[in-house]
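1. Sequence first, then the predicted structure:
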Amino acid sequence: MGNDGNRIRHPIIDRRTFLVASGLGVSGFQFGSPAPATGRGTAAPARKPARSTILFFLCGGASHIDTWDMKPDAPTEYRGPFRPIATSAPGIRLCEHLPLLARQAHHLAVVNSVRGTVNTNDHHAGYYHNLTGHVPDQSFRTLGNNRTPFPDDWPFMGCVVASRRPAHAYLPNAITLPHKPSKAPYTRPGQFAARLGVEFDPLYVDGSLERPLEFRVPSLTLQAGVNRPRLSDRRGLLDTLDEARRNFDRVAGVRTFSRQQQRAFSLLAASQTTAAFDVAREPLPVRERYGPTINGTSLLLARRLVEAGVPFITVFWKENEAIASRCSSAGGWDTHGNNFNCLKDYLLPEFDRGFAALVADLAERGLLDETVLLVTSEMGRTPRIGDPRSGGVSGAGRDHWTHCLTDLLAGGGIRGGQTYGASDRLAEYPHERIVTPADITKTIYHAMGIHDLIATDREGRPYDLLAEGEPLRALFG
C-alpha cells in the first residue's frame with residue numbers, strides 16, 4: 001500500500017468535493033479512520049514527546065547557498081556577494097543578513113544534506129515531497145502545474161499528527177495560516193489530509209498584508225441547498241466568532257449541516273478560540289519583536305496556538321506582490337531574478353526578525369523543549385548564478401533546484417548548535433549523511449511521539465502512511 005502505483009482511490013469522493021471539504025477546517029475531530037495504535041514500529045523513547053510542531057514553509061524555494069549553506073570558497077559565479085558570519089554556535093555559520101537568527105543558532109540544528117530531487121523540478125512536486133515525505137508520482141510529470149490536490153494523495157504531515165492526537169477541547173488539531181498556497185486554480189498538493197479523510201484537514205486561517213493583526217476563517221460553509229448565506233468573515237476572525245455565537249442556536253438546528261461542520265462551528269464559537277486568535281492582546285513590545293508584517297504576526301499567532309495546545313501549526317510564507325516584478329517571482333522566495341537584492345532588502349530581514357523572535361520567545365517561556373520547529377521549502381535554488389528566463393547571469397537570479405536544500409530544526413528534544421550532513425563544495429548535491437524529505441517527516445513524527453503510522457482505508461485494509469525514511473535520531477540530545 002506504500003507504493004503510489006497501487007494508490008487507493010475512493011470513487012465516492014470526487015475531486016471537487018474534496019477541495020470544498022478541505023476548506024472546512026475540522027482537523028482533529030475524531031471521525032476518520034486512522035487505525036488504533038498497535039505498537040508497531042520503533043519503540044517510544046524515554047524522553048517526553050513534544051506537544052506541538054510549528055512548520056514555517058518558505059513558499060517559492062529558498063536559496064540554500066545564500067542563507068544557511070554558504071560556500072565562501074566557491075567560485076564567484078556560485079557563491080554570490082553574501083558572506084557568512086559567526087553565530088552563537090561554533091559550528092554554524094549563517095548569512096550576514098541573518099544577524100538576529102545568528103544569536104539563536106545555539107538552538108538550531110541545520111540539516112544541509114536534504115536530497116529533494118523530484119521528477120519535474122517544480123513547485124507542485126516540491127510542495128508535495130516536502131510536506132508529505134512521499135516522492136511525487138508520475139501524475140506530477142504528466143500534469144505539471146495542473147496537478148492540483150487529489151483526494152487519494154498521501155497526507156500532509158500535519159494532518160497525520162492531527163489524526164494521532166486526542167481532539168483538542170476547543171480548537172482543531174491542525175491550523176494553517178496565513179493563507180492556502182497557491183492562488184486557485186493552482187492550489188498546491190500535499191497540504192491536505194487527502195486519503196486520511198477530510199475531517200483531518202487543517203483549519204485555514206487567512207491574514208492580509210494590509211492588516212496583519214486581523215485573521216479570518218474563509219470557508220465555514222453550509223452544505224449545498226441550505227438557503228443561508230456563508231458565515232461572513234469579511235471583518236476578521238473575531239467578528240466571525242461573535243457572529244457565530246449570536247447565530248449558533250438558529251443555525252445548529254439545520255438538519256443538513258454535517259456533523260463535521262457542526263463541530264467546527266461550535267468550537268469556533270467558543271470564547272477560548274476568540275482569545276487564542278486575538279494577537280492584538282500581545283503587548284506592543286512583543287508584537288514589535290516579531291515585526292509588523294503578516295509573516296511575523298503569523299509566527300506570533302503560532303506561538304499563541306502552541307500555548308493553547310494545538311498540536312500542529314503551519315505558517316506558509318505569504319508573498320508580497322508589491323515586490324514580485326523586482327524578483328521575477330510571485331513576491332516570495334522564488335527569486336528567478338535580482339536574487340541578492342530581493343533577499344537582502346526584503347526576504348531575509350523579514351524572516352530574520354520573525355523567526356529569531358519565535359525561537360527566542362519560545363525558549364524564554366520554557367516552551368521550546370516541548371515545541372518542534374521546522375523551516376523548509378519546496379526546493380533550493382541553482383547554485384550557479386543566472387536564470388535564462390530572467391536575463392541569465394546579468395539578471396542575477398537563481399532558478400529552481402530540487403536536488404539539494406537545507407532544513408532548519410529546533411526544539412522538541414533536538415540538540416541545538418549542530419549541523420547535520422553537508423552538500424558538495426558548490427552546494428549542488430548532498431555529499432555527506434544524505435537525507436530525504438521522508439527522513440525529515442519521520443523526524444517530526446519521532447519528536448511528537450508518533451511511532452505507529454498504520455491507517456486503514458475505506459474497506460478496512462491497513463496501510464502504512466509513510467513506509468520510507470527513518471528519523472534522524474542523531475539530532476536529539
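-> Okay, I see it. Numbers count the residues shown, from 1 in each chain.
2. Now do the contacts for the residue nearest to residue 292 when sequence neighbours are not counted.
-> Nearest residue to residue 292, sequence neighbours excluded (Cβ to Cβ, 6 or more residues apart in numbering): residue 212, at 6.3 Å. C-beta coordinates here come from the backbone N, C-alpha and C atoms, glycine included. Under the criterion of Cβ atoms under 8 Å, 6 or more residues apart in numbering, the contact partners of residue 212 comprise 292-294, 296-297.
3. Show me the two of those that sit farthest apart.
-> Maximum pairwise distance among those (Cβ to Cβ): 9.0 Å, between 292 and 294.
4. So between these two, which is more surrounded?
-> Between residue 292 and residue 294, counting by other Cβ atoms under 10 Å, residue 294 is the more crowded of the two (27 against 12).
5. Could you pull out the helices in the stretch 1-150 of the chain for me?
-> Listed in chain order, the helices found in the stretch 1-150 of the chain under DSSP state H, counting those that start in this stretch are 15-21, 76-79, 99-102, 123-132, 138-143.
6. Repeat that for the stretch 251-400 of the chain.
-> Secondary structure of the stretch 251-400 of the chain, counting by DSSP H, counting those that start in this stretch: helices at 259-268, 271-277, 284-290, 294-307, 324-327, 339-342, 348-364.
7. and the nearest residue to residue 424 once chain neighbours are set aside, how far is that from residue 210?
-> Spatial nearest neighbour of residue 424, chain neighbours left out: residue 431 (4.4 Å); criterion: Cβ to Cβ, 6+ apart. To residue 210, residue 431 is 44 Å away according to Cβ to Cβ, to the nearest Å.
8. Okay, now the unreliable bits of the stretch 1-150 of the chain?
-> Applying pLDDT under 70 to the stretch 1-150 of the chain flags residues 1-46.
9. Spell out, range by range, the strands that occur in it.
-> If you assign secondary structure with DSSP state E, counting those that start in this stretch, the strands in the stretch 1-150 of the chain sit at 52-57, 84-86, 93-95, 108-114.
10. where's residue 397 relative to residue 96, distance?
-> Where residue 96 is concerned, residue 397 sits at a distance of 20 Å (Cβ to Cβ).
11. So for the two, which residue has more residues nearby?
-> residue 397 (28 against 15).
12. ok, the more buried one - contacts?
-> 327-328, 335-339, 385-387, 389-391.
13. Could you say which of the helices of the stretch 1-150 of the chain is packed most deeply?
-> helix 123-132 (a mean of 27; mean count of other Cβ atoms under 10 Å).
14. what does that one rub up against?
-> Contacts of helix 123-132 with the rest of the structure, by Cβ under 8 Å, 6+ apart, involve 57, 60-61, 116, 118-119, 134-136, 140, 144-145, 147-148, 153-157, 181-182, 186, 188-191, 334, 376-379, 400, 402, 437, 440-441, 466.
15. Could I have the buried ones of these as PyMOL selection syntax?
-> Selecting only the buried entries of the contacts of helix 123-132 in PyMOL, with 16 or more other Cβ atoms under 10 Å as the criterion:
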select buried, resi 57+60+61+116+118+134+135+136+140+147+148+153+154+155+156+157+181+182+188+189+190+191+334+376+377+378+379+400+402+437+440+441+466
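16. give me the number of residues near residue 183?
-> Each residue near residue 183 was counted by other Cβ under 10 Å, and the total is 10.
17. for residue 363, that is, sorry about that
-> Look at residue 363: counted by other Cβ under 10 Å, it has 18 neighbours.
18. so what's it up against?
-> Contact criterion Cβ under 8 Å, 6+ apart gives 104, 107 as the residues in contact with residue 363.
19. Apply 7 Å and report the result again.
-> residue 107 (Cβ atoms under 7 Å, 6 or more residues apart in numbering).
20. how far away is it from residue 309?
-> The gap separating residue 363 from residue 309 is 19 Å, by Cβ to Cβ.
21. Hmm, residue 361 is touching residue 300, no?
-> No. Here residue 361 does not reach residue 300: they are 8.0 Å apart, not a contact under Cβ atoms under 7 Å.
22. And residue 455, which helix or strand is it part of?
-> When secondary structure is defined by DSSP states H and E, residue 455 falls within strand 454-456.
23. do the same with residue 431
-> strand 430-432.
24. okay if I get the helices of the stretch 1-150 of the chain as CSV plus distance to residue 349?
-> Formatted as CSV, the entries for the helices of the stretch 1-150 of the chain read as follows, by distance: least, Cβ to Cβ, whole Å:
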stretch, distance to residue 349
helix 15-21, 35
helix 76-79, 21
helix 99-102, 9
helix 123-132, 24
helix 138-143, 34
